[in-house]
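> what follows is a predicted protein model with its sequence.
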Amino acid sequence: MTWAIVPAAGRGTRFGGERPKQYLPLAGRTVIEHSLRAVLSHDDVDGVVVALSPEDADWPGWREIGGKPVLTCVGGAERADSVLAALHALPATVDADQWVLVHDAARPCLRAQDLARLLQIGQADPVGALLAAPVRDTLKRADDLGKSQATEPREHLWRALTPQLFRRGGLTRALEAALRAGVRPTDEAMAMERLGLRPCLVEGREDNLKITTPADLALAEFLLSNGA
Ligand SMILES: Nc1ccn([C@@H]2O[C@H](COP(=O)(O)OP(=O)(O)OP(=O)(O)O)[C@@H](O)[C@H]2O)c(=O)n1
Ligand SMILES: C[C@](O)(CO)[C@H](O)COP(=O)(O)O
């Protein structure tokens, strides 16, 4: 039994606009609906808890998607707070040693084959796993004037994606420890790494992009509308 958690309590400030980006129209649905359907599409995934902003006025009120239960909870100030709230809102039947998938509401282009590989590899790992993409561009470090001052070595550098797969109990403890220490993990793997644990990096598609700016939405529209 694996449950999903979808943090969807963000305001989308970098995107701009009135409506939070997760509720913008995309390829006949909304961003969040694509993300929910994608993470629920695997037979091993039994349901989802969605963390919503207390001010959310757009949530459609889904109670199930594809015959699977959709629960909600109130998210927090940062993504990590929202994920932790959703971990606590999982059904009591989800034991501490059961796997939980955390997937951004803002990542609508997740492909079934990436999700299947993550589950297959991650469930065989003692710690867990995350989808990620190796860095393929040259990386520059900017100075205060926006000039390129150095080139950073890119060997062994990956971009973290989602979903990320960890056991409910271990992830809950890792996030609570990080937040208690005043650390705001930007992803679940960071909370695990802090404890000296090494999640498995599972190479995922580069087009599993996070909708952060309007250009990302245009690209996602092309990808999802053209079956690319
Ligand atoms: N307090 C927060 C902040 C973010 N998220 C979620 O985490 C995912 C990734 O975060 P990001 O892309 O940064 O979304 P926003 O925080 O909305 O964007 P911004 O930083 O531009 O405001 C999104 O699905 C977002 O809804 C969340 O659940 N709770
Ligand atoms: C979780 C994540 O999508 C992995 O790259 C990313 O860390 C989210 O960061 P954001 O600043 O909350 O968008």
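That came in fine, so what should we check first? Numbers count the residues shown, from 1 in each chain. Ligands and ions are numbered 1, 2, ... in the order given.
> could you pull up phi and psi at the residue of the chain most remote from its centre?
Residue farthest from the centre of the chain, counting by C-alpha atoms, centre = their mean, is residue 145 at 32.7 Å. Per-residue torsions, residue 145: phi -100, psi 0 (degrees, to the nearest 10).
> one more: residue 131?
phi -70, psi 140.
> residue contacts, it?
Residues near residue 131 by C-beta atoms under 8 Å, 6 or more residues apart in numbering: 114, 118, 160, 161, 162, 163, 164, 202, 203, 204, 208. For every residue, glycine as well, the C-beta is placed using N, CA and C.
> can you report how many residues lie near the fifth one?
Residue 162 has 28 neighbouring residues, counting by other C-beta atoms under 10 Å.
> separation between it and residue 209?
11 Å (C-beta to C-beta, to the nearest Å).
> get me the contact residues on this structure for ligand 1.
Selection of the chain residues close to ligand 1 by C-beta under 6 Å from any ligand atom yields 7-15, 22, 51, 75-79, 82, 104-106, 210, 212.
> report the buried members of those.
Buried members of those, scored by 16 or more other C-beta atoms under 10 Å, are 7-10, 12, 15, 22, 51, 75-76, 78-79, 82, 104-106, 210.
> do a quick rundown of the helices in the chain.
Counting by DSSP state H, the chain has helices at residues 31-40, 79-89, 112-122, 168-180, 188-194, 214-225.
> as JSON lines, those with distance to residue 65 would be great.
Below are the helices of the chain laid out as JSON lines (distance: least, C-beta to C-beta, whole Å):
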{"stretch": "helix 31-40", "distance to residue 65": "6"}
{"stretch": "helix 79-89", "distance to residue 65": "16"}
{"stretch": "helix 112-122", "distance to residue 65": "15"}
{"stretch": "helix 168-180", "distance to residue 65": "21"}
{"stretch": "helix 188-194", "distance to residue 65": "22"}
{"stretch": "helix 214-225", "distance to residue 65": "17"}
